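**Student:** sequence below, structure please.
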Amino acid sequence: MACLLEAPLRISVLSEVTATSRHYVDRLFDPDPQNVLQGVIDMKNAVIGNNKQKANLIVLGAVPRLLYLLQQSSSSLELRTECAVVLGSLAMGTENNIKSLVDCHIIPALLQGLLCSDLIFIEACLRCLRTVFISPVTPVQLLYTDPTVIPHLMSLLSRSQHTQEYITQIFAHCCKVAHTTLCALHITYAFIQKYKGNVIMFFLAYENAQVSMTLVNVLVDGEQLSQVFVRMMQRDKPIEMQLTAAKCLTYMCRAGAIRTDDNCIVLKTLPCLVRMCSKERLLEERVEGAETLAYLMEPDVELQRIASVTDHLVSMLADYFKYPSSVSAITDIKRYVDFKSGCNQLRQAAFKLYASLGSNDEDIRKKITETENMMDRIVSGLSESSIKVRLAAVRCLHSLSRSVQQLRTSFHDHAVWKPLMKLLQNAPDEVLVMASSTLCNLLLEFSPSKEPILDSGVIELLCSLTQSDSPALRVNGIWALMNMAFQADQKVKVEIVRALGTEQLFRLLSDPDTNVLMKTLGLLRNLLSTRPHIDQIMSSHGKQIMQAVTLILEGEHSIEVKEQTLCILANIADGNAAKELIMTNDDMLQKIKYYMGHSNVKLQLAATFCISNLIWNEEDGSQERQDKLKDMGFVDILHKLTQASDPNLCDRAKTAMQQYLA
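**Tutor:** Numbers count the residues shown, from 1 in each chain. Below you'll find the model as predicted:
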């Protein structure tokens, strides 16, 4: 009986699907172009994730018609693009689908489509080609039977990130399964020599982890591509080949495909790029070498340390500010008719490399600032007419400003805050972000520049940054105010609150960017420090602050945000009068109780600290507060916490319990 029922059921479903599929195919022949377009769009939606529907459409002859529409110059670009998308979706089905598509000559049709100038259509064709070529059933020789195909694909690499990704995956797969001469001849040596690095390999891996991981596994005549690049960096190879190979390995390393401690980076790539910084090299080689080296070692302190002691790099870069020198090649100078442009390029590259070198290590920063006239050059760079030089100079200044020693010495001696403040008055956002980040460091409590910056009226400027559409500028504005408020006198704190305004302060406390929220909480915490300041601010803004604290503790926020909020509450609890705002708010006390029993130790510790401040014996009204909190069950919780496994939490609970025993 089961067998008799099964056959009719299958026939019924198949008939239904086929009938629906035929409807889609029939619409491709509609005389109205708009109906055809809508039919293709409906077909696209129908085949997504439906292999049975894909197979039916192929059997019913949809592919030849889609290819015909795709190749017709009379078809609209939108229709041609949608056809490419549908074909790509059909290719994502079974291997039989791929075979059918290849038999219908889909590859030549899509390759022909790449000659179109429309980027969206090109990307749709490439996406489909990628899906077809990575299938094991596709004859990869079809890619290079026409000698014009590879060069044209190479020319498309730089059009967009998507073209990079799709073309690289096509090449990588073809290199693995076909004769490796394809990769060796067309993708490495031949094109590097032909285009001298202007078009190809370094486009592939730049900030693209997927492409880089693909490239690093490519074999060229049985040898990893990274080793091919290592050979290209040998001193007897043409300079453009050395530089291009070094850039490729740099981008693959930054994308995570090669470790920063790999020998091909430490012993080959880094020394090669340092060589490119030599004054014997041509201007563009020195610029490319310095900028690539800066990018390579930007996140890695060990590479920075190695570079700083390689071939006297720090002092070598000083020559970038002396162009042209007596050793500058005549051909170099002749090639750069725009002398000012050449100077700017070198200074920009030098500032970038100095910024990268000094981003982590104190000894390197000291070495940089002691380089001849370095601080004067940075200060001068901040007022350059070239926006790129200004940006690079402020990046360098920001890197050096991470040093406590430099803030106290070089920065103070050269009054760098003056040109920095001028730069903040009217600059593009990218410069403003870096300049305001630097200002944050100059406003730290131990910086001698803090007082003159305060006197310059910086508070209004920083408050305006907190209203920016850019999250980075909002973060920097509130961060600088937070640093300014740390251990500040009451006058400064009152001025910050006045200039910022309570509405803006509480708007920032609901900012969607977590970094902005955290820095705003940090500002509030610094404002609410020392008892007179706490009481003064809470007397004016206590209601709003308590509302903000309540909203954050009740909201869906991270542990870090809630910990910072509980610390603010602990500061309020330290005020003489302000603590009553907590004691008279039973809902807030219940929240503190909840967080004392939380599973996260940081939150338990912050909440316990708050209770400790409320019950401190030496303050007026402590007995009444102790009694109320005892009646609410806080003593029982404190007693349990004295047995906590975390030593800090255990000690804090014991300290609080002693207030009851005293």
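
**Student:** use CA for all of it now, contacts and neighbours both
**Tutor:** Will do.

**Student:** what ranges does this structure have for its strands?
**Tutor:** For the chain, the strands defined by DSSP state E occupy 219-220, 223-224.

**Student:** which of those strands has the lowest average pLDDT?
**Tutor:** Least confidently modelled of those is strand 219-220, at a mean of 66 by mean pLDDT.

**Student:** how many neighbours does His484 have?
**Tutor:** Not quite, residue 484 is Met, not His. 27 (other Cα atoms under 10 Å).

**Student:** oh, I was asking about Arg130
**Tutor:** So Arg130, with other Cα under 10 Å, has 21 neighbours.

**Student:** wait, isn't it in contact with Gln169?
**Tutor:** Yes: when contacts are counted by Cα atoms under 8 Å, Arg130 is listed as touching Gln169 (6.8 Å).

**Student:** Leu505 and Leu521 touch, don't they?
**Tutor:** No: using Cα under 8 Å, Leu505 is not in contact with Leu521, being 9.6 Å away.

**Student:** those two: which is more packed in?
**Tutor:** A count of neighbours by other Cα under 10 Å puts Leu521 above the other of Leu505 and Leu521, at 24 against 21.

**Student:** how far away is the more buried one from Leu156?
**Tutor:** Leu521 sits 48 Å away from Leu156, going by Cα to Cα, to the nearest Å.

**Student:** same thing with Glu554?
**Tutor:** As judged by Cα to Cα, Glu554 and Leu156 stand 52 Å apart.

**Student:** looking at these two, which is more packed in?
**Tutor:** Using other Cα under 10 Å as the criterion, Glu554 and Leu156 rank with Leu156 on top: 20 against 11.

**Student:** nearest residue to that one other than its sequence neighbours?
**Tutor:** Leaving aside its sequence neighbours, Leu156 sits nearest to Thr163 (Cα to Cα, 6 or more residues apart in numbering; 6.6 Å).

**Student:** tell me the contacts of that neighbour?
**Tutor:** Remark: with contacts taken as Cα atoms under 8 Å, 6 or more residues apart in numbering, Thr163 is in contact with 123, 126, 156-157.

**Student:** quick one: which of those residues has the most company?
**Tutor:** Neighbour max across these (other Cα under 10 Å) = Leu126, 26 neighbours.

**Student:** surely it and Thr168 touch.
**Tutor:** No: the pair Leu126 / Thr168 is not scored as a contact, 10.6 Å apart, by Cα under 8 Å.

**Student:** run through the residues that contact Thr94.
**Tutor:** Asn51.

**Student:** for it, give its distance to Val40.
**Tutor:** For Thr94, the distance to Val40 (Cα to Cα) stands at 21 Å.

**Student:** now the nearest residue to Leu649 once chain neighbours are set aside: how far from Ile611?
**Tutor:** Of all residues not flanking Leu649 in the chain, Leu605 sits nearest, at 5.4 Å (Cα to Cα, 6+ apart). Distance, Leu605 to Ile611, by Cα to Cα: 10 Å.

**Student:** same check on Ile239?
**Tutor:** Per Cα to Cα, Ile239 is found 69 Å from Ile611.

**Student:** Ser645 now?
**Tutor:** For Ser645, the distance to Ile611 - Cα to Cα - is 20 Å.

**Student:** before we move on, the earlier item: of Ile239 and Ile611, who's got more company?
**Tutor:** Using other Cα under 10 Å as the criterion, Ile239 and Ile611 rank with Ile611 on top: 25 against 19.

**Student:** can you give me the neighbour number for the nearest residue to Gly39 once chain neighbours are set aside?
**Tutor:** Leaving aside its chain neighbours, Gly39 sits nearest to Arg27 (5.6 Å; criterion: Cα to Cα, 6+ apart). Using other Cα under 10 Å, Arg27 has 18 other residues around it.

**Student:** can you pull the contacts of Arg27?
**Tutor:** Counting by Cα under 8 Å, 6+ apart, Arg27 has contacts 35-36, 39.

**Student:** Asn35 and Asp42, how far apart?
**Tutor:** For Asn35 relative to Asp42 (Cα to Cα), the value is 10 Å.

**Student:** where does the protein dip in pLDDT?
**Tutor:** For the chain, the stretches with pLDDT under 70 are 1-20, 172, 174-205, 211, 218-221, 324-339, 662.

**Student:** centroid-nearest residue for it?
**Tutor:** Glu207 (9.8 Å; Cα atoms, centre = their mean).

**Student:** next, it: phi, psi?
**Tutor:** Here is the backbone geometry of Glu207 (degrees, to the nearest 10): phi 50, psi 40.

**Student:** give me the domain ranges for the protein.
**Tutor:** Listed domain ranges for the chain are 16-178, 537-661 (source: the TED database).

**Student:** check the separation of the first and last residues in the shortest one.
**Tutor:** Length of domain 537-661, first residue to last, Cα to Cα: 33 Å.

**Student:** for the residue nearest to the residue nearest to the centre of the chain when sequence neighbours are not counted, which residues are in contact?
**Tutor:** In this structure, Glu207 finds its nearest non-sequential neighbour in Ala255, 5.4 Å apart by Cα to Cα, 6+ apart. Shown in contact with Ala255 (Cα under 8 Å, 6+ apart): 205-209, 212.

**Student:** now do the phi/psi pair for Thr310.
**Tutor:** Torsion angles at Thr310 (phi, psi; degrees, to the nearest 10) stand at phi -100, psi 120.

**Student:** actually Asn360, not the one I wrote
**Tutor:** The phi/psi pair for Asn360 (degrees, to the nearest 10) is phi -130, psi -40.

**Student:** and for the residue nearest to it when sequence neighbours are not counted, the neighbour number?
**Tutor:** Leaving out its chain neighbours, the residue that sits closest to Asn360 by Cα to Cα, 6+ apart is Val301, at 6.1 Å. Neighbour count of Val301, defined by other Cα under 10 Å: 16.

**Student:** quick one: Val301 from Ser359, how far?
**Tutor:** Distance from Val301 to Ser359, by Cα to Cα: 8 Å.
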